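# My questions are about this predicted structure, shown below with the sequence.
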Amino acid sequence: MIIGVLQVELTIDGPKSLKDKRRVVQRIKDRLHREHQVSVAEVDQLDNHHIAILGITMASNDVQYTQSVLDRILDKLRDQRDCYLSHHNKQILTGC
């Protein structure tokens, strides 16, 4: 089994409240789940208006496929209009 783990830090442009931030984050989470069948959760900086830390995971049986999906997710996050990707950490875990 292959598990892909991606942690991303997004800087949100101009939120006036946590509600504005959560609207942006929820849209991103829904889109990534729908288009890539990954699990997405906001895992840190929950009370910070300007930063969102997302944990994204997927399970697969192919390392190259997992790498490809995580790379496509990073490309989509770089192209967001109301936030930008400020940092990321990617891991591929293999096991039996």
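Okay, I see it.

# thought Glu9 was touching Ile53?
Yes - with contacts defined as CB atoms under 8 Å, Glu9 counts as touching Ile53 at a distance of 5.4 Å. (C-beta placed from N, C-alpha, C; glycine too.)

# Overlap of the contact sets of these two?
Gln45 (CB atoms under 8 Å, 6 or more residues apart in numbering).

# Would you map the strands across the protein?
Taking DSSP state E to define them, one finds strands in the chain at 2-12, 39-44, 51-60, 83-94.

# packing partners for the first one?
Based on contacts counted as 3 or more CB pairs under 8 Å, 6 or more residues apart in numbering; DSSP states H and E, the elements that strand 2-12 packs against are helix 18-36, strand 51-60, helix 63-78, strand 83-94.

# buried ones in that strand?
By 16 or more other CB atoms under 10 Å, the buried positions in strand 2-12 come out as 2, 4, 6-10, 12.

# of those residues, the lowest pLDDT goes to which?
Summarising pLDDT for the buried residues of strand 2-12: the lowest-scoring member is Ile12, with 89.

# residues in contact with that one?
With contacts taken as CB under 8 Å, 6+ apart, Ile12 has the following neighbours: 20-21, 24-25, 49-52, 82-83.

# Dump those to CSV, plus pLDDT and neighbour count.
Supplementary listing: those in CSV, determined by pLDDT from 0 to 100; neighbours: other CB atoms under 10 Å:
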residue, pLDDT, neighbour count
Asp20, 84, 15
Lys21, 85, 24
Val24, 88, 19
Val25, 89, 21
His49, 84, 16
His50, 89, 13
Ile51, 90, 17
Ala52, 90, 24
Asp82, 84, 14
Cys83, 86, 21
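
# Fine, thanks again, bye for now.
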